[in-house]
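> Predicted model and sequence follow; I will ask about them next.
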Amino acid sequence: MLFEELNLIEPILKALQTEGYTQPTPIQEQSIPSILQGKDLLGCAQTGTGKTAAFAIPMLQLLSKPHTNTKIHKAIKALVLTPTRELAIQIEESFKAYGKNLPIKHLVIFGGVGQKAQTDALHRGVDILVATPGRLLDLMNQGFISLKDIELFVLDEADRMLDMGFIHDVKKVIAKLPTVRQTLFFSATMPKEIQILADTILRNPVKVEVTPVSSTAEKIQQQIFYVEKNDKRGLLMHILQDKTIETALVFARTKHGADRIVKDLVKVGVKAEAIHGNKSQNARQRALTNFKAKTTRILVATDIAARGIDVDELTHVINYELPNIPETYVHRIGRTGRAGLSGTALSFCDAEEKEFLDDIEKLIGLKLPVTEDHPYAMSWQSLMSGAAAAKGKSKAKPSRGARPPRADRGAGSARTEREPNLSGAKKTAGAGGGNRKRWGNKPKSSNS
Ligand code: AMP
(Lines give C-alpha, C1' and ligand atoms only; values in the text may rest on other atoms or scores of the structure.)
Protein backbone atom coordinates (compact mmCIF):
# COMPACT_ATOMS: atom_id res chain seq x y z
CA MET A 1 0.00 0.00 0.00
CA LEU A 2 1.06 3.58 -0.64
CA PHE A 3 0.28 6.69 1.39
CA GLU A 4 -1.58 7.99 -1.68
CA GLU A 5 -4.19 5.27 -1.12
CA LEU A 6 -5.03 6.46 2.39
CA ASN A 7 -7.05 9.52 1.32
CA LEU A 8 -4.57 11.93 2.79
CA ILE A 9 -4.59 15.58 1.84
CA GLU A 10 -1.92 16.98 -0.44
CA PRO A 11 0.01 19.05 2.17
CA ILE A 12 0.51 15.89 4.25
CA LEU A 13 1.45 13.71 1.29
CA LYS A 14 4.02 16.32 0.29
CA ALA A 15 5.48 16.39 3.79
CA LEU A 16 5.71 12.59 3.85
CA GLN A 17 7.56 12.70 0.55
CA THR A 18 10.03 15.15 2.04
CA GLU A 19 10.54 12.72 4.93
CA GLY A 20 11.27 10.00 2.39
CA TYR A 21 8.30 7.85 3.45
CA THR A 22 6.65 5.96 0.64
CA GLN A 23 4.76 3.11 2.25
CA PRO A 24 2.82 3.20 5.48
CA THR A 25 4.01 0.75 8.14
CA PRO A 26 1.47 -1.91 9.21
CA ILE A 27 0.21 0.10 12.17
CA GLN A 28 -0.18 3.17 9.98
CA GLU A 29 -2.03 1.22 7.32
CA GLN A 30 -4.41 -0.20 9.90
CA SER A 31 -4.93 2.93 12.03
CA ILE A 32 -5.04 5.92 9.70
CA PRO A 33 -8.36 5.12 7.93
CA SER A 34 -10.21 4.48 11.21
CA ILE A 35 -8.85 7.58 12.90
CA LEU A 36 -9.85 9.66 9.88
CA GLN A 37 -13.39 8.29 10.27
CA GLY A 38 -13.45 9.66 13.82
CA LYS A 39 -13.26 6.29 15.56
CA ASP A 40 -11.58 5.56 18.87
CA LEU A 41 -8.54 3.32 18.64
CA LEU A 42 -6.78 0.85 20.86
CA GLY A 43 -3.31 0.31 19.45
CA CYS A 44 -0.90 -2.33 20.66
CA ALA A 45 2.47 -1.13 19.50
CA GLN A 46 5.81 -0.01 20.83
CA THR A 47 8.21 2.62 19.53
CA GLY A 48 9.90 1.59 16.32
CA THR A 49 6.70 0.49 14.62
CA GLY A 50 5.85 3.92 13.23
CA LYS A 51 3.09 4.43 15.78
CA THR A 52 3.75 8.15 16.18
CA ALA A 53 2.97 8.82 12.53
CA ALA A 54 0.01 6.43 12.83
CA PHE A 55 -1.72 8.94 15.10
CA ALA A 56 0.01 12.19 14.12
CA ILE A 57 -0.84 12.05 10.41
CA PRO A 58 -4.62 11.57 10.75
CA MET A 59 -4.77 14.04 13.65
CA LEU A 60 -3.20 16.71 11.50
CA GLN A 61 -5.66 15.96 8.73
CA LEU A 62 -8.67 16.08 11.06
CA LEU A 63 -7.51 19.33 12.63
CA SER A 64 -6.83 20.93 9.27
CA LYS A 65 -10.59 21.08 8.58
CA PRO A 66 -11.75 24.66 9.05
CA HIS A 67 -13.38 25.20 12.45
CA THR A 68 -16.62 27.12 12.24
CA ASN A 69 -16.48 28.17 15.86
CA THR A 70 -14.07 31.09 15.81
CA LYS A 71 -14.21 31.29 19.60
CA ILE A 72 -12.09 28.18 19.84
CA HIS A 73 -9.54 29.52 17.40
CA LYS A 74 -6.97 29.74 20.15
CA ALA A 75 -8.10 26.73 22.16
CA ILE A 76 -6.13 23.51 22.48
CA LYS A 77 -7.94 20.98 20.31
CA ALA A 78 -5.74 17.94 20.67
CA LEU A 79 -3.72 16.54 23.54
CA VAL A 80 -1.03 13.87 23.38
CA LEU A 81 0.02 12.56 26.77
CA THR A 82 3.30 10.65 26.86
CA PRO A 83 5.48 9.49 29.77
CA THR A 84 8.93 10.93 29.04
CA ARG A 85 10.44 14.18 27.91
CA GLU A 86 12.35 12.44 25.14
CA LEU A 87 9.20 10.88 23.72
CA ALA A 88 7.34 14.16 24.04
CA ILE A 89 10.02 15.99 22.08
CA GLN A 90 10.05 13.35 19.38
CA ILE A 91 6.29 13.37 19.04
CA GLU A 92 6.27 17.12 18.60
CA GLU A 93 9.03 16.82 16.02
CA SER A 94 6.79 14.38 14.13
CA PHE A 95 3.91 16.88 14.14
CA LYS A 96 6.34 19.48 12.89
CA ALA A 97 7.60 17.24 10.08
CA TYR A 98 4.25 15.86 8.88
CA GLY A 99 2.44 19.16 9.44
CA LYS A 100 5.05 21.43 7.86
CA ASN A 101 2.67 22.46 5.05
CA LEU A 102 -0.29 23.09 7.34
CA PRO A 103 -1.10 26.09 9.53
CA ILE A 104 -1.45 23.99 12.67
CA LYS A 105 0.28 25.10 15.84
CA HIS A 106 1.81 22.56 18.17
CA LEU A 107 3.70 22.78 21.40
CA VAL A 108 5.57 20.37 23.64
CA ILE A 109 5.68 20.82 27.41
CA PHE A 110 7.59 18.78 30.00
CA GLY A 111 9.07 19.24 33.43
CA GLY A 112 12.64 19.83 34.49
CA VAL A 113 12.89 23.12 32.62
CA GLY A 114 11.51 26.60 33.24
CA GLN A 115 7.85 27.12 32.36
CA LYS A 116 8.02 30.66 30.96
CA ALA A 117 8.69 29.71 27.33
CA GLN A 118 5.90 27.15 27.56
CA THR A 119 3.32 29.52 29.03
CA ASP A 120 4.25 32.23 26.51
CA ALA A 121 3.62 29.77 23.68
CA LEU A 122 0.32 28.74 25.27
CA HIS A 123 -0.79 32.39 25.29
CA ARG A 124 -0.10 32.66 21.59
CA GLY A 125 -2.47 29.73 20.93
CA VAL A 126 -1.84 26.05 20.39
CA ASP A 127 -3.83 23.49 18.40
CA ILE A 128 -1.96 20.35 19.43
CA LEU A 129 -0.34 20.03 22.83
CA VAL A 130 2.15 17.24 23.53
CA ALA A 131 2.81 16.85 27.25
CA THR A 132 4.16 14.74 30.04
CA PRO A 133 1.61 14.35 32.85
CA GLY A 134 3.39 16.20 35.69
CA ARG A 135 4.00 19.48 33.88
CA LEU A 136 0.58 19.36 32.24
CA LEU A 137 -1.19 19.11 35.61
CA ASP A 138 1.06 21.76 37.03
CA LEU A 139 0.17 24.26 34.29
CA MET A 140 -3.50 23.26 34.46
CA ASN A 141 -3.50 23.95 38.19
CA GLN A 142 -1.93 27.34 37.59
CA GLY A 143 -4.67 28.15 35.09
CA PHE A 144 -2.48 28.25 31.99
CA ILE A 145 -4.18 25.29 30.31
CA SER A 146 -7.80 24.36 29.82
CA LEU A 147 -8.75 21.04 28.29
CA LYS A 148 -12.41 21.88 27.74
CA ASP A 149 -12.11 22.16 23.95
CA ILE A 150 -10.14 18.97 23.39
CA GLU A 151 -11.55 17.01 20.45
CA LEU A 152 -8.75 14.48 20.16
CA PHE A 153 -6.92 12.80 22.99
CA VAL A 154 -3.95 10.43 22.62
CA LEU A 155 -2.66 8.38 25.51
CA ASP A 156 0.75 7.14 24.46
CA GLU A 157 2.67 4.29 26.13
CA ALA A 158 -0.04 3.69 28.71
CA ASP A 159 1.79 0.73 30.24
CA ARG A 160 4.90 2.87 30.79
CA MET A 161 2.76 5.45 32.54
CA LEU A 162 1.78 2.70 34.94
CA ASP A 163 5.37 1.46 35.34
CA MET A 164 6.61 4.95 36.08
CA GLY A 165 3.94 5.75 38.63
CA PHE A 166 2.15 8.35 36.50
CA ILE A 167 -1.16 6.59 36.20
CA HIS A 168 -2.90 8.70 38.88
CA ASP A 169 -1.84 11.86 37.12
CA VAL A 170 -3.10 10.45 33.85
CA LYS A 171 -6.47 9.75 35.43
CA LYS A 172 -6.60 13.30 36.81
CA VAL A 173 -6.01 14.66 33.32
CA ILE A 174 -8.64 12.38 31.79
CA ALA A 175 -11.17 13.61 34.35
CA LYS A 176 -10.78 17.12 32.92
CA LEU A 177 -11.38 16.13 29.30
CA PRO A 178 -14.75 16.66 27.61
CA THR A 179 -16.72 13.42 27.46
CA VAL A 180 -17.40 13.87 23.76
CA ARG A 181 -14.06 13.41 22.09
CA GLN A 182 -12.05 10.97 20.01
CA THR A 183 -9.56 8.89 22.00
CA LEU A 184 -6.51 7.01 20.74
CA PHE A 185 -4.91 4.69 23.25
CA PHE A 186 -1.49 3.10 22.75
CA SER A 187 0.22 0.52 24.91
CA ALA A 188 2.82 -2.15 24.17
CA THR A 189 1.41 -4.48 26.83
CA MET A 190 -1.94 -4.72 28.60
CA PRO A 191 -1.60 -5.20 32.33
CA LYS A 192 -4.99 -5.45 34.04
CA GLU A 193 -5.07 -1.85 35.25
CA ILE A 194 -4.36 -0.59 31.74
CA GLN A 195 -7.06 -2.82 30.27
CA ILE A 196 -9.55 -1.38 32.77
CA LEU A 197 -8.49 2.16 31.91
CA ALA A 198 -8.85 1.44 28.19
CA ASP A 199 -12.32 -0.04 28.73
CA THR A 200 -13.33 3.06 30.70
CA ILE A 201 -12.18 5.74 28.32
CA LEU A 202 -12.67 4.22 24.86
CA ARG A 203 -15.94 3.92 22.97
CA ASN A 204 -16.22 0.99 20.58
CA PRO A 205 -12.58 1.24 19.70
CA VAL A 206 -11.03 -0.24 16.61
CA LYS A 207 -8.27 -2.58 17.80
CA VAL A 208 -4.96 -2.59 16.02
CA GLU A 209 -2.11 -4.87 16.95
CA VAL A 210 1.35 -5.05 15.50
CA THR A 211 4.05 -7.52 16.39
CA PRO A 212 4.18 -8.17 20.10
CA VAL A 213 7.38 -7.19 21.82
CA SER A 214 8.88 -10.68 21.90
CA SER A 215 9.02 -11.09 18.15
CA THR A 216 10.72 -7.82 17.23
CA ALA A 217 13.96 -9.53 18.16
CA GLU A 218 13.91 -11.87 15.21
CA LYS A 219 15.24 -9.57 12.54
CA ILE A 220 18.14 -8.19 14.57
CA GLN A 221 21.43 -10.03 14.47
CA GLN A 222 22.22 -10.91 18.07
CA GLN A 223 25.35 -12.22 19.74
CA ILE A 224 26.20 -13.12 23.30
CA PHE A 225 29.68 -12.73 24.79
CA TYR A 226 30.29 -14.69 27.99
CA VAL A 227 32.74 -12.62 30.00
CA GLU A 228 33.88 -12.04 33.59
CA LYS A 229 32.42 -8.87 35.07
CA ASN A 230 35.88 -7.31 35.38
CA ASP A 231 36.72 -8.04 31.74
CA LYS A 232 33.74 -6.22 30.27
CA ARG A 233 35.70 -3.01 29.92
CA GLY A 234 38.46 -4.76 27.93
CA LEU A 235 35.90 -6.54 25.80
CA LEU A 236 34.16 -3.29 24.92
CA MET A 237 37.48 -1.71 23.84
CA HIS A 238 38.25 -4.84 21.82
CA ILE A 239 34.90 -4.73 20.03
CA LEU A 240 35.21 -1.03 19.29
CA GLN A 241 38.47 -1.63 17.44
CA ASP A 242 36.16 -2.67 14.63
CA LYS A 243 35.94 0.58 12.71
CA THR A 244 32.88 -0.58 10.82
CA ILE A 245 30.97 0.14 14.04
CA GLU A 246 30.46 3.82 13.26
CA THR A 247 28.18 4.48 16.20
CA ALA A 248 26.76 2.33 18.97
CA LEU A 249 24.30 2.77 21.79
CA VAL A 250 25.70 1.09 24.90
CA PHE A 251 23.31 0.19 27.72
CA ALA A 252 24.34 0.39 31.35
CA ARG A 253 22.15 -0.55 34.29
CA THR A 254 22.94 2.44 36.47
CA LYS A 255 23.76 6.11 36.01
CA HIS A 256 27.03 5.63 37.81
CA GLY A 257 27.88 2.67 35.57
CA ALA A 258 27.11 4.73 32.47
CA ASP A 259 29.45 7.51 33.61
CA ARG A 260 32.21 5.01 34.35
CA ILE A 261 31.99 3.46 30.88
CA VAL A 262 32.17 6.91 29.27
CA LYS A 263 35.23 7.77 31.36
CA ASP A 264 36.97 4.55 30.29
CA LEU A 265 36.19 5.14 26.64
CA VAL A 266 37.26 8.77 26.64
CA LYS A 267 40.53 7.74 28.31
CA VAL A 268 41.42 5.60 25.30
CA GLY A 269 40.35 8.26 22.81
CA VAL A 270 36.86 7.00 21.92
CA LYS A 271 34.35 9.84 21.69
CA ALA A 272 31.60 8.94 24.13
CA GLU A 273 28.85 10.65 26.11
CA ALA A 274 26.36 9.46 28.70
CA ILE A 275 22.64 10.11 28.83
CA HIS A 276 20.75 9.49 32.05
CA GLY A 277 18.42 11.04 34.58
CA ASN A 278 21.13 12.96 36.46
CA LYS A 279 21.98 14.96 33.36
CA SER A 280 20.14 18.18 32.68
CA GLN A 281 17.61 18.23 29.88
CA ASN A 282 20.02 20.36 27.83
CA ALA A 283 22.91 17.98 28.36
CA ARG A 284 20.74 15.04 27.32
CA GLN A 285 19.55 16.80 24.19
CA ARG A 286 23.09 17.87 23.33
CA ALA A 287 24.42 14.33 23.74
CA LEU A 288 21.65 13.02 21.52
CA THR A 289 22.29 15.65 18.84
CA ASN A 290 26.03 14.87 18.84
CA PHE A 291 25.28 11.18 18.56
CA LYS A 292 22.85 11.66 15.69
CA ALA A 293 25.42 13.85 13.92
CA LYS A 294 28.00 11.09 14.54
CA THR A 295 30.40 13.48 16.28
CA THR A 296 29.98 11.20 19.29
CA ARG A 297 30.66 7.58 18.43
CA ILE A 298 29.30 5.97 21.57
CA LEU A 299 26.25 6.99 23.54
CA VAL A 300 25.99 5.24 26.89
CA ALA A 301 22.47 5.21 28.26
CA THR A 302 20.36 3.85 31.06
CA ASP A 303 17.05 2.28 30.15
CA ILE A 304 14.84 5.13 31.20
CA ALA A 305 16.95 7.78 29.50
CA ALA A 306 17.10 5.69 26.34
CA ARG A 307 13.36 5.27 26.10
CA GLY A 308 12.22 7.01 23.00
CA ILE A 309 15.72 7.66 21.64
CA ASP A 310 15.06 7.70 17.96
CA VAL A 311 18.15 7.39 15.82
CA ASP A 312 17.15 6.21 12.37
CA GLU A 313 20.43 4.68 11.31
CA LEU A 314 21.62 3.11 14.53
CA THR A 315 23.40 -0.10 13.55
CA HIS A 316 24.70 -1.38 16.88
CA VAL A 317 23.34 -1.78 20.36
CA ILE A 318 25.69 -3.11 23.03
CA ASN A 319 24.34 -4.45 26.30
CA TYR A 320 27.22 -3.88 28.69
CA GLU A 321 24.98 -5.40 31.32
CA LEU A 322 21.97 -7.58 30.67
CA PRO A 323 18.69 -6.29 32.05
CA ASN A 324 16.85 -8.35 34.66
CA ILE A 325 13.57 -7.73 32.86
CA PRO A 326 13.51 -9.64 29.57
CA GLU A 327 11.13 -7.17 27.89
CA THR A 328 13.73 -4.47 28.50
CA TYR A 329 16.19 -6.45 26.39
CA VAL A 330 13.72 -6.43 23.51
CA HIS A 331 13.12 -2.70 23.92
CA ARG A 332 16.86 -2.05 23.98
CA ILE A 333 17.73 -4.01 20.87
CA GLY A 334 14.68 -2.55 19.14
CA ARG A 335 16.55 0.77 19.04
CA THR A 336 18.51 -0.69 16.14
CA GLY A 337 17.14 -2.28 12.98
CA ARG A 338 14.47 0.40 12.73
CA ALA A 339 12.42 1.40 9.72
CA GLY A 340 13.49 -1.73 7.88
CA LEU A 341 17.26 -1.31 8.31
CA SER A 342 19.45 -4.10 9.63
CA GLY A 343 20.80 -4.05 13.15
CA THR A 344 23.23 -5.83 15.42
CA ALA A 345 22.90 -6.32 19.17
CA LEU A 346 25.92 -7.50 21.16
CA SER A 347 25.35 -8.53 24.76
CA PHE A 348 27.89 -9.11 27.51
CA CYS A 349 26.83 -11.79 29.96
CA ASP A 350 28.69 -12.59 33.18
CA ALA A 351 27.92 -15.53 35.45
CA GLU A 352 25.41 -13.59 37.56
CA GLU A 353 23.54 -12.53 34.45
CA LYS A 354 23.17 -16.01 33.00
CA GLU A 355 19.74 -16.25 34.59
CA PHE A 356 18.65 -13.03 32.91
CA LEU A 357 19.83 -14.46 29.61
CA ASP A 358 17.75 -17.58 30.18
CA ASP A 359 14.69 -15.39 30.80
CA ILE A 360 15.37 -13.37 27.65
CA GLU A 361 15.71 -16.48 25.49
CA LYS A 362 12.46 -17.80 26.93
CA LEU A 363 10.65 -14.56 26.09
CA ILE A 364 11.90 -14.21 22.54
CA GLY A 365 11.78 -17.92 21.84
CA LEU A 366 15.30 -17.94 20.43
CA LYS A 367 18.56 -19.47 21.58
CA LEU A 368 21.04 -16.65 21.07
CA PRO A 369 24.36 -17.44 19.37
CA VAL A 370 27.45 -17.17 21.56
CA THR A 371 30.65 -15.59 20.22
CA GLU A 372 33.63 -17.42 21.67
CA ASP A 373 36.27 -15.90 19.48
CA HIS A 374 37.37 -12.98 21.65
CA PRO A 375 40.29 -12.40 24.03
CA TYR A 376 38.13 -12.38 27.16
CA ALA A 377 36.10 -15.52 26.49
CA MET A 378 34.91 -17.24 29.65
CA SER A 379 34.75 -20.99 29.75
CA TRP A 380 31.36 -22.64 29.96
CA GLN A 381 32.44 -24.34 33.22
CA SER A 382 33.33 -21.11 35.01
CA LEU A 383 30.19 -19.47 33.69
CA MET A 384 27.96 -22.25 34.96
CA SER A 385 29.68 -22.60 38.34
CA GLY A 386 29.51 -18.82 38.79
CA ALA A 387 25.86 -18.87 37.77
CA ALA A 388 25.10 -21.65 40.27
CA ALA A 389 26.87 -19.68 43.02
CA ALA A 390 24.86 -16.57 42.15
CA LYS A 391 21.67 -18.61 42.22
CA GLY A 392 22.62 -20.01 45.64
CA LYS A 393 23.07 -16.48 46.94
CA SER A 394 19.75 -15.46 45.47
CA LYS A 395 17.96 -18.24 47.34
CA ALA A 396 18.94 -16.57 50.57
CA LYS A 397 17.74 -13.22 49.17
CA PRO A 398 14.65 -14.05 47.12
CA SER A 399 14.63 -10.96 44.94
CA ARG A 400 18.20 -11.33 43.68
CA GLY A 401 18.20 -13.80 40.83
CA ALA A 402 14.57 -14.50 40.20
CA ARG A 403 12.53 -11.81 38.58
CA PRO A 404 11.11 -9.78 41.41
CA PRO A 405 7.40 -9.00 41.53
CA ARG A 406 6.48 -6.48 38.89
CA ALA A 407 6.08 -3.55 41.26
CA ASP A 408 9.69 -4.00 42.31
CA ARG A 409 11.04 -4.11 38.81
CA GLY A 410 11.63 -1.44 36.21
CA ALA A 411 11.55 2.14 37.31
CA GLY A 412 11.10 1.29 40.95
CA SER A 413 13.89 -1.26 41.21
CA ALA A 414 16.92 -0.43 43.26
CA ARG A 415 19.08 -1.83 40.49
CA THR A 416 17.73 0.38 37.77
CA GLU A 417 17.51 4.07 37.26
CA ARG A 418 14.45 5.80 38.59
CA GLU A 419 12.88 8.57 36.59
CA PRO A 420 12.17 11.59 38.73
CA ASN A 421 8.48 11.66 39.49
CA LEU A 422 7.62 14.97 37.91
CA SER A 423 4.29 15.26 39.57
CA GLY A 424 5.21 14.18 43.04
CA ALA A 425 2.55 11.46 42.83
CA LYS A 426 3.02 8.27 44.80
CA LYS A 427 4.25 5.21 42.93
CA THR A 428 1.53 2.68 42.28
CA ALA A 429 2.69 -0.25 44.34
CA GLY A 430 1.41 -3.54 43.08
CA ALA A 431 -0.03 -2.04 39.93
CA GLY A 432 -0.05 -4.48 37.06
CA GLY A 433 0.61 -7.36 39.45
CA GLY A 434 0.84 -10.77 37.96
CA ASN A 435 -1.82 -9.97 35.41
CA ARG A 436 0.45 -8.64 32.78
CA LYS A 437 -0.34 -10.18 29.47
CA ARG A 438 1.08 -9.59 26.07
CA TRP A 439 -1.33 -8.93 23.26
CA GLY A 440 -1.77 -11.19 20.27
CA ASN A 441 0.26 -14.35 20.33
CA LYS A 442 0.39 -14.48 16.60
CA PRO A 443 2.34 -11.61 15.13
CA LYS A 444 0.21 -10.03 12.44
CA SER A 445 2.98 -8.11 10.79
CA SER A 446 6.59 -7.26 11.27
CA ASN A 447 7.81 -4.08 12.83
CA SER A 448 9.19 -1.42 10.65
P1 AMP B 1 8.02 5.39 15.95
O2 AMP B 1 7.56 3.98 16.13
O3 AMP B 1 6.90 6.33 15.84
O4 AMP B 1 9.02 5.76 17.01
O5 AMP B 1 8.80 5.47 14.53
C6 AMP B 1 9.97 4.76 14.26
C7 AMP B 1 10.79 5.36 13.14
O8 AMP B 1 10.23 5.03 11.88
C9 AMP B 1 10.90 6.87 13.16
O10 AMP B 1 12.25 7.20 12.94
C11 AMP B 1 10.06 7.35 12.00
O12 AMP B 1 10.60 8.52 11.43
C13 AMP B 1 10.16 6.17 11.05
N14 AMP B 1 8.96 5.99 10.22
C15 AMP B 1 7.67 6.05 10.64
N16 AMP B 1 6.84 5.77 9.63
C17 AMP B 1 7.58 5.51 8.55
C18 AMP B 1 7.28 5.17 7.19
N19 AMP B 1 6.04 5.00 6.79
N20 AMP B 1 8.32 4.99 6.34
C21 AMP B 1 9.59 5.13 6.79
N22 AMP B 1 9.94 5.46 8.04
C23 AMP B 1 8.95 5.65 8.92
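Looks like it came in fine.

> so how far is Thr302 from the residue nearest to Phe144 when sequence neighbours are not counted?
The shortest distance from Phe144 to any residue other than its chain neighbours is 5.0 Å, reached at Thr119 (C-beta to C-beta, 6 or more residues apart in numbering). C-betas here are computed from N, CA, C, even on glycine. To Thr302, Thr119 is 31 Å away according to C-beta to C-beta, to the nearest Å.

> between the two, who's got more neighbours?
The residue with more neighbours, out of Thr119 and Thr302, is Thr302; 24 against 15, by other C-beta atoms under 10 Å.

> Show me what from the stretch 51-200 of the chain comes close to the ligand.
Contacts of the stretch 51-200 of the chain with the ligand, taken as C-beta under 6 Å from any ligand atom, map to Lys51, Thr52, Ala53.

> Which SSE is immediately downstream of the helix or strand containing the last one?
Under the criterion of DSSP states H and E, Ala53 resides in helix 51-63. Next along the chain after helix 51-63, taking DSSP H and E as the criterion, comes strand 78-81.

> Let me see the mean pLDDT of that following strand.
The average pLDDT within strand 78-81 is 98.

> What of stretch 31-41?
97.

> what comes up buried for it?
Ser31, Ile32, Ser34, Ile35, Leu36, Lys39, Asp40, Leu41 (16 or more other C-beta atoms under 10 Å).

> And stretch 50-68, by the same measure?
Buried-residue list, stretch 50-68, by 16+ other C-beta under 10 Å: 50-64.

> Next one, pLDDT for Leu363 please.
81.

> got the contact list for the closest residue to it other than its chain neighbours?
Nearest non-adjacent residue to Leu363, counting by C-beta to C-beta, 6+ apart: Pro326, 4.0 Å away. Contact partners of Pro326, counting by C-beta atoms under 8 Å, 6 or more residues apart in numbering, are Phe356, Asp359, Ile360, Lys362, Leu363, Ile364.

> Quick check: phi and psi on the third one?
Taking degrees, to the nearest 10, you get phi -60, psi -50 for the backbone angles of Ile360.

> Quick check: the gap between it and the ligand.
22 Å (C-beta to the nearest ligand atom, to the nearest Å).

> dump the residue contacts of that residue.
When contacts are taken as C-beta under 8 Å, 6+ apart, Ile360 is in contact with Leu322, Pro326, Tyr329, Val330, Leu368.

> and with 6 Å instead?
Pro326, Tyr329 (C-beta atoms under 6 Å, 6 or more residues apart in numbering).

> Per-residue pLDDT of it, please?
For Ile360, the predicted pLDDT is 90.

> quick one, what contacts Ala258?
With C-beta under 6 Å, 6+ apart, Ala258 has these contacts: Ala252, Ala274, His276, Val300, Thr302.

> Report the secondary structure state of the second one.
Assigned with DSSP: H, G, I helix; E, B strand; the rest coil, Ala274 falls in the strand class.

> what about it, how many neighbours?
The burial count for Ala274: 27, using other C-beta under 10 Å.

> picking that back up, name the SS class of the residue nearest to Phe144, please.
helix.

> so it makes contact with Gly143?
No: the pair Thr119 / Gly143 is not scored as a contact, 10.0 Å apart, by C-beta atoms under 6 Å.

> rewinding a little: identify, from the residues of the stretch 51-200 of the chain next to the ligand, the entry nearest to Leu383.
Leu383 lies nearest to Lys51 out of those, by C-beta to C-beta, at 38.4 Å.

> Surely that closest one touches Leu41?
No: Lys51 is not in contact with Leu41 according to C-beta under 6 Å; the separation is 10.6 Å.

> can you pull out the strands in the chain?
Ranges of strands in the chain, per DSSP state E, are 41-44, 78-81, 106-109, 128-131, 152-155, 182-187, 206-209, 221-226, 248-251, 272-275, 298-301, 316-319, 344-349.

> How about residues contacting the third one?
With C-beta under 6 Å, 6+ apart as the contact definition, strand 106-109 has outside contacts at Ala88, Ile89, Glu92, Phe95, Gln118, Ala121, Val126, Ile128, Leu129, Val130, Ala131, Arg135.
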